[in-house]
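**Student:** sharing a sequence plus its predicted fold:
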Amino acid sequence: MTTWALAQDARRFAAVIACIAFAAAIAGCGGNSNVHSIPAPASITGNWGLTANLTSGGTVPIDVYLTSNAGSVSGIAYGPAATDNVCVANGCCGSPLGFFSGVALTGTVDASGNLKLGTPSTASNPAFAMTGTVSGSTLSNGSFTLSGTCNTQGTIAGIEYPPLDGTYIGTLTSQVTGQSFTMSITLSQSSAPNASGYLNLYETATVTGYPCIPSGTAMPVIVSSTYLGNYFSFPLSLSSGGLLDQVGTLSTNGKTLGMDYSFPESGSSCSDDYGSGTLTLQ
């Protein structure tokens, strides 16, 4: 074979080797494709208590159960009934964020927990928009704007509260008579909010040492009992037909209930009694 022919064969062999190497790089070793997966959006479904800090001064709580699904987020938010001491720079006072009474929020969250939520302006409500970063049970680096009759803005932070499940036992003391009694209450919450955006509460309670309720009587929590943010309300149904109203807040770690009670039933020595106390998770 001539020298020229040998050179041609060498060039053809080198070209074949280069093609094989390129194909292997494309296909990957062992035939696996080199495809990068796209990170899934963060799941932030849970019961959130937010705190809006107005640049003009003052703070406003906003409670909302957020449901996230494939990056889409929604919830029904509730704020304070009134915040009369909060005023914004344009002189609008009263409750700039008090319009949160069943306001539907929608938005998005990405794989890094970057959250965007808001609601468009309507005839009765101004437009609200917020951003923040969710990591675990904390929302940080948040900000918000409120445009409309009461324009305002500020920062916003939040915490996800644990489920209100389990048995809590503690002592309540009457602010009328000074008498104390023991309450044991077993609670469980619904797995998802109701149509109004609240979590329903269920289960029963027993009271020992309260003069108008027989000791050991099991009192069911009625259907209107709710939980949102860290605030709960569960009226207890009495055999007499009356109610023992319970309201309060859950600690951030879910271990304690700070509770206020009232006994509005008439015709007994406990009429118009009220008091407070703390119950601890067992």
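**Tutor:** Done, it's in.
**Student:** could you check how far Ile159 is from Leu105?
**Tutor:** Remark: distance between Ile159 and Leu105 (CB to CB, to the nearest Å) = 17 Å. All C-beta atoms are positioned from the backbone trio N, CA, C, and that covers glycine.
**Student:** just the helices in this protein please.
**Tutor:** Using DSSP state H, the helices of the chain run over residues 3-27.
**Student:** spell out which residues make up each domain of it.
**Tutor:** 46-161, 166-281 (automatic domain parsing).
**Student:** any chance of those domains in TSV, plus mean neighbour count, distance to Ser37 and mean pLDDT?
**Tutor:** TSV is the format used below for these (neighbours: other CB atoms under 10 Å; distance: least, CB to CB, whole Å; pLDDT from 0 to 100):
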stretch	mean neighbour count	distance to Ser37	mean pLDDT
domain 46-161	17	11	84
domain 166-281	17	29	89
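**Student:** can you list these in JSON lines and add distance to Pro39?
**Tutor:** Below are the domains of the chain laid out as JSON lines (distance: least, CB to CB, whole Å):
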{"stretch": "domain 46-161", "distance to Pro39": "4"}
{"stretch": "domain 166-281", "distance to Pro39": "26"}
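**Student:** so what's the closest residue to Thr278 other than its chain neighbours up against?
**Tutor:** Nearest residue to Thr278 in three dimensions, chain neighbours excluded: Gly170, at 5.1 Å (CB to CB, 6 or more residues apart in numbering). Shown in contact with Gly170 (CB atoms under 8 Å, 6 or more residues apart in numbering): 182-183, 257, 259, 277-280.
**Student:** ok, 7 Å please
**Tutor:** Neighbour list for Gly170: 183, 277-280 [criterion: CB atoms under 7 Å, 6 or more residues apart in numbering].
**Student:** let me know the closest of those residues to Thr67.
**Tutor:** Closest approach to Thr67 among the contacts of Gly170 (CB to CB): Leu279, at 28.8 Å.
**Student:** tell me the bridge partners for the closest one.
**Tutor:** Beta-bridge pairing of Leu279 under DSSP bridges involves Gly170, Leu257.
**Student:** what's the distance between it and Thr177?
**Tutor:** Distance of Leu279 to Thr177, given as CB to CB: 20 Å.
**Student:** gap between the spatially closest residue to Ser147 that is not a sequence neighbour and Leu117?
**Tutor:** With CB to CB, 6+ apart as the criterion, Ser147 has its nearest non-adjacent residue at 4.9 Å, and that residue is Ala127. Distance check for Ala127 against Leu117: by CB to CB, it reads 12 Å.
**Student:** residues near Pro39, how many?
**Tutor:** Neighbour count of Pro39, defined by other CB atoms under 10 Å: 9.
**Student:** from Phe100, how far out is it?
**Tutor:** Distance, Pro39 to Phe100, by CB to CB: 32 Å.
**Student:** same question, Ile169
**Tutor:** Distance from Ile169 to Phe100, by CB to CB: 34 Å.
**Student:** can you check Leu228 too?
**Tutor:** Per CB to CB, Leu228 is found 12 Å from Phe100.
**Student:** again, but for Thr131
**Tutor:** 17 Å.
**Student:** Ser180 now?
**Tutor:** From Ser180 across to Phe100, the span is 37 Å (CB to CB).
**Student:** what about stretch 131-141, start to end distance?
**Tutor:** Taking CA to CA, to the nearest Å, the first and last residues of stretch 131-141 lie 8 Å apart.
**Student:** how about stretch 142-161?
**Tutor:** Per CA to CA, stretch 142-161 runs 18 Å from first to last residue.
**Student:** which other residues reach it?
**Tutor:** Taking CB under 7 Å, 6+ apart as the rule, stretch 142-161 contacts 46-56, 88, 90, 92, 96-97, 121, 126-132, 137-140, 229-230, 250, 252.
**Student:** pull the contacting residues for Leu281.
**Tutor:** Neighbour list for Leu281: 166, 168, 254-255 [criterion: CB under 7 Å, 6+ apart].
**Student:** make TSV from these and add distance to Asp245 to it.
**Tutor:** As requested, those are exported to TSV (distance: CB to CB, whole Å):
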residue	distance to Asp245
Gly166	21
Tyr168	17
Gly254	22
Lys255	23
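**Student:** quick check: Tyr231 touching Gln246?
**Tutor:** No. In this structure, Tyr231 is not within contact of Gln246 by CB atoms under 7 Å, at 11.7 Å.
**Student:** this completes my enquiry, with thanks.
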